[in-house]
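Engineer: Sequence first, predicted coordinates after that:
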Amino acid sequence: MTANDMKLVVVGAAGRMGQALIRVIHETDGVTLHAAVQREGSPFIGKDAGELAGVGTLGVPVTADPLQAFLDAEGVLDFTTPATSVAFSILAAQARIVHVIGTTGCSIEDEEKFKAAGRHARLVKSGNMSLGVNLLGVLVAQAAKALPAAGWDIEILEMHHKHKVDAPSGTALLLGEAAARGRGIDLASQSVRVRDGHTGARPTGTIGFATLRGGSVVGDHSVVLAGEGELVTLSHSARDRSIFARGAVAAALWARDKKPGHYSMLDVLGLS
Ligand SMILES: NC(=O)C1=CN([C@@H]2O[C@H](COP(=O)(O)OP(=O)(O)OC[C@H]3O[C@@H](n4cnc5c(N)ncnc54)[C@H](OP(=O)(O)O)[C@@H]3O)[C@@H](O)[C@H]2O)C=CC1
Ligand SMILES: O=C(O)C1=N[C@H](C(=O)O)C[C@H](O)C1
């Protein structure tokens with residue numbers, strides 16, 4: 001640890017992503033774990049964050065006091081729940097620090113609140129923080145632009161572990177947005193998110209979603225462009241949560257000297 005290390009707070013520290021973030025911060029030069037936050041009443045309060053994440057004692061006890069945790073911090077890494085991320089975005093804006101949000105399943109109203117927080121905080125938000133998925137999004141936009149809607153149907157498939165609570169995944173929606181951008185259409189009005197019963201034939205130009213849940217799958221996504229007699233499939237398979245954690249830490253370091261604003265991983269990775 002050096003004096004210039006970026007001081008990061010992990011909120012939701014005991015979660016699947018919280019633990020991955022603590023491990024990645026521990027092994028990354030230029031960042032240090034400043035505080036680790038769990039909700040009031042969590043059985044992990046007072047436990048050492050390093051012990052929790054399996055990297056040995058770090059001398060950072062998990063706290064339920066975000067105000068104290070944000071004091072002197074430079075960035076917050078937040079993979080929690082939509083309501084929690086909205087609440088922390090207000091605190092991060094007040095503290096004028098970096099807020100990296102990986103939380104998915106956020107509503108349009110939540111997104112408006114994040115936009116407002118970005119007037120004071122340096123907020124980076126993405127449904128997927130990995131380099132691979134963000135590159136995939138660029139390729140999907142190109143493919144959707146190159147293959148005309150009249151002959152090529154776009155379907156997005158995703159599979160995640162059985163504990164995931166939101167659908168379609170943030171990544172599936174990110175890929176849908178990329179496809180819609182390539183086609184020059186509005187995703188919200190052109191997407192088919194559920195099919196059941198007598199659905200009728202597929203409306204031309206729509207973007208379909210299909211969701212699978214089971215076991216311990218970290219996150220698999222495929223974008224299928226289905227033509228007459230041929231299929232193009234672009235896919236990504238996440239094997240380890242460290243890919244998201246490394247992306248989140250890179251986002252915090254990137255945002256450290258930026259102006260307040262609402263940024264995406266495409267900005268961080270230079271793919272925008
Ligand atoms: N953008 C990306 O690259 C990725 C995004 N995600 C997203 O991140 C989110 C979290 O995923 P995951 O780690 O698997 O989920 P978990 O349920 O394992 O972790 C969430 C953690 O947040 C904690 N938490 C909830 N509310 C609060 C609060 N008010 N204050 C402090 N801590 C709180 C939970 O505590 P408790 O258990 O006590 O409720 C839990 O420890 C999901 O939305 C997921 O989709 C996941 C991976 C990658
Ligand atoms: O909940 C998860 O686990 C994941 N969530 C993100 C999403 O909704 O796409 C990213 C990743 O696929 C894992």
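Structural biologist: Great, that's in hand. Residues are numbered from 1 along each chain as shown. Ligands and ions are numbered 1, 2, ... in the order given.
Engineer: where along the stretch 1-150 of the chain do the strands fall?
Structural biologist: 6-11, 31-37, 62-63, 75-78, 98-101, 122-125 (DSSP state E, counting those that start in this stretch).
Engineer: mind putting those in TSV, mean neighbour count and distance to ligand 2 included?
Structural biologist: For every residue, glycine as well, the C-beta is placed using N, CA and C. Formatted as TSV, these follow (neighbours: other C-beta atoms under 10 Å; distance: least, C-beta to the nearest ligand atom, whole Å):
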stretch	mean neighbour count	distance to ligand 2
strand 6-11	26	16
strand 31-37	24	19
strand 62-63	22	21
strand 75-78	29	13
strand 98-101	30	12
strand 122-125	28	12
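Engineer: mind checking the longest helix of the protein?
Structural biologist: In the chain, assigned by DSSP state H, the helix with the most residues is helix 131-146.
Engineer: buried set for that helix?
Structural biologist: Going by neighbour count (16 or more other C-beta atoms under 10 Å), the buried part of helix 131-146 is 131, 133, 134, 136, 137, 140, 141, 143, 144.
Engineer: got the contact list for it?
Structural biologist: By C-beta atoms under 8 Å, 6 or more residues apart in numbering, the surrounding residues in contact with helix 131-146 are 126, 128, 154, 171, 174-175, 177-183, 221, 223, 225, 232, 234-236, 238, 243, 247, 265-266, 269, 271.
Engineer: With stretch 14-22 instead?
Structural biologist: Under C-beta under 8 Å, 6+ apart, the answer for stretch 14-22 is 10-13, 33, 36, 38, 42, 44, 49-50, 52-55, 58, 62, 77, 79-80, 102, 163, 241-242, 244-245, 248-249.
Engineer: ok so, going back, of the contacts of helix 131-146, which belong to helices?
Structural biologist: Per DSSP H, the contacts of helix 131-146 map to helices at 171, 174-175, 177-183, 243, 247, 265-266, 269.
Engineer: which of the residues you listed are buried?
Structural biologist: 171, 174-175, 177-180, 182-183, 243, 247, 265-266, 269.
Engineer: quick one, what contacts residue 42?
Structural biologist: Contacts of residue 42 (C-beta under 8 Å, 6+ apart): 14, 62, 64.
Engineer: Out of the residues you listed, flag the one nearest to residue 209.
Structural biologist: residue 14 (30.5 Å; C-beta to C-beta).
Engineer: ok, so of the buried residues of helix 131-146, who is nearest ligand 1?
Structural biologist: residue 133 (7.7 Å; C-beta to the nearest ligand atom).
Engineer: related to what we said a few turns ago, contacts with ligand 1 among the ones in helices among the contacts of helix 131-146, please.
Structural biologist: On the criterion C-beta under 6 Å from any ligand atom, none of the entries of the ones in helices among the contacts of helix 131-146 sits beside ligand 1.
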